[in-house]
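S.K.: I'll drop the sequence and a predicted model, then ask my questions.
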Amino acid sequence: MARTIFRTNRGNGFLAGTFQFGFFGRKTLELSDGTTREVGQTGSTRQIVADGDTINVSSENNFPIRFLGIDMPESRLFPPGGTTFTSTDNDVFQRLLANPFAAEFPPITDLTSDLRNRLLGLADPDAATRHHAYAKDAEDALEMLILQDRDEIGTDSFFLAFAYDALDFFGRLLAYVHPDQPDSAPADRRESYNMRMLGTGLAAPYFIFPNVDPFRARGSPVSAAAMADDPKTILEAAPSLRAARDAVATAREAGLGIHDPDRPILFQAFELRSLARRTVPSRWVIDLSGNDRVLLSPQRYFEVENLEDRLFVPAEFVPLFEATGWRVEGDVMSVV
């Protein structure tokens, strides 16, 4: 058995696999009675070696795919200081989201007073229960979409569209996941699960540069940043990003899912993760609702009111924007 180890952003991902000896097309066998039969062709070691640095393999186990561009409510997390994955409706999370800065939890260093006040303003004894309920609703909605596609399209196949980052910190593939409909006209093909989950109102947008259309259209983060004259230009070059923003706005205006004005989710998934890990945000933010060439410092993300108007920029890409004349708030090196 071969084991591939992916090194990703200070994290490790692991994928067990085997060399793909099993199938290399089909061949025709002539039997003793004069008849023929089509059979699978077993490959040789030479056939699995594409060249000196490429081999053909198959995965032995399931592997996770993290949907790009969206963020679902969390159903389980490590609690503050904990080492066991715990349901987010557990009492420890109920206490955390009722009082994020209670003495029982480790302090969060370098947290600004404005963000602290923002998080305290969201605190509620019902916040964890509500968050967990939306997480389960999101799981059910995704399952329903997959089952519906399987029944109506008649296949379990899918295809993945990758952006700049192929793997995340945990070794998960990062992709836009689409039902596989190669024989359908483009206009008849179903949207990605990423996009459709935004439409349910049960997923929040989580647009992170360069894993959006600007990268896919321009070929590299450097050229994407160079072509990003302002937020309007970014959107003009990114039809998928515009469509995703429209889907979120429509869901919010309809009060669907986490946007229900009578029962909002309160803490977004990334806020809950930060509180559980006792860390501060680390990505700069571009406000897509205006046209200012400004990257807001990470802890000011909430000043961009609507979720779909936030384009997050990791610290390593901030200098690319700065070099083209964008104004950067705060010290980039402080969060690298």
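M.R.: Now that the structure is in, tell me what you want to look at. Residues are numbered from 1 along each chain as shown.
S.K.: contacting residues for Asp292?
M.R.: Counting by CB atoms under 8 Å, 6 or more residues apart in numbering, Asp292 makes contact with Asp230, Pro231. Quick note: C-beta positions are derived from backbone N, CA and C, even for glycine.
S.K.: pLDDT score assigned to it?
M.R.: In the predicted model, Asp292 carries a pLDDT score of 96.
S.K.: Quick one: the strands in the stretch 151-300 of the chain, in order.
M.R.: Secondary structure of the stretch 151-300 of the chain (DSSP state E, counting those that start in this stretch): strands located at 158-161, 173-179, 204-208, 284-287, 294-295.
S.K.: ok, which stretches of the chain are helices?
M.R.: 45-48, 91-98, 113-122, 127-153, 193-200, 213-218, 221-227, 231-236, 239-253, 269-277, 318-323 (DSSP state H).
S.K.: ok, of those, where does mean pLDDT dip lowest?
M.R.: Among the helices of the chain, helix 213-218 scores lowest, at a mean of 50.
S.K.: sorry, back to before: highest average neighbour count across the helices of the chain?
M.R.: helix 193-200 (a mean of 22; mean count of other CB atoms under 10 Å).
S.K.: ok so, going back, export the strands of the stretch 151-300 of the chain as CSV, with columns for distance to Glu308.
M.R.: As requested, those are exported to CSV (distance: least, CB to CB, whole Å):
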stretch, distance to Glu308
strand 158-161, 20
strand 173-179, 17
strand 204-208, 5
strand 284-287, 11
strand 294-295, 18
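S.K.: And those: which comes nearest Tyr301?
M.R.: Distances from Tyr301 to each of the strands of the stretch 151-300 of the chain were compared using CB to CB; the minimum, 4.7 Å, belongs to strand 284-287.
S.K.: re earlier: quick one, which of the strands of the stretch 151-300 of the chain is nearest to Ser87?
M.R.: Closest among these, using CB to CB: strand 204-208, at 20.0 Å.
S.K.: tell me what the closest one is packed against?
M.R.: Applying 3 or more CB pairs under 8 Å, 6 or more residues apart in numbering; DSSP states H and E, we find strand 204-208 packed against strand 69-71, helix 239-253, strand 310-313.
S.K.: Leu295 and Ile234: what is the separation?
M.R.: Distance, Leu295 to Ile234, using CB to CB, to the nearest Å: 12 Å.
S.K.: got a list of what the closest residue to Gly199 other than its chain neighbours touches?
M.R.: Nearest-residue entry for Gly199: Ala247, 4.7 Å, with adjacent residues in sequence omitted and distances by CB to CB, 6 or more residues apart in numbering. Counting by CB under 8 Å, 6+ apart, Ala247 makes contact with Met195, Leu198, Gly199.
S.K.: Centre-most residue in this structure?
M.R.: Taking CA atoms, centre = their mean, the centroid of the chain lies closest to Leu68, which sits 3.3 Å from it.
S.K.: TSV for the strands of the stretch 151-300 of the chain, including distance to Asn56 and mean neighbour count?
M.R.: Compiled in TSV, those are given as follows (distance: least, CB to CB, whole Å; neighbours: other CB atoms under 10 Å):
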stretch	distance to Asn56	mean neighbour count
strand 158-161	18	14
strand 173-179	18	20
strand 204-208	32	23
strand 284-287	41	24
strand 294-295	43	21
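S.K.: closest to Pro261 out of the ones you listed?
M.R.: strand 204-208 (15.6 Å).
S.K.: So what are the sheet partners of that closest one and their directions?
M.R.: strand 69-71 (antiparallel), strand 310-313 (parallel) (DSSP bridges).
S.K.: Output the last one as PDB, nothing but the C-alphas.
M.R.: Put plainly, it is strand 310-313. Listed next in PDB are the C-alpha coordinates belonging to strand 310-313 (Å, rounded to 0.1, in the frame of the first residue of the first chain):
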ATOM      1  CA  ARG A 310     -17.100  40.000   2.200                       C
ATOM      2  CA  LEU A 311     -14.200  38.900   0.200                       C
ATOM      3  CA  PHE A 312     -11.600  37.500   2.500                       C
ATOM      4  CA  VAL A 313      -7.900  37.800   1.600                       C
END
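S.K.: Domain map for the chain?
M.R.: Per automatic domain parsing, the structural domains of the chain span 2-63, 66-219+230-269.
S.K.: quick revisit: closest one to Asp124 among the strands of the stretch 151-300 of the chain?
M.R.: Taking CB to CB as the criterion, strand 204-208 is the member of these that comes nearest to Asp124, at 17.9 Å.
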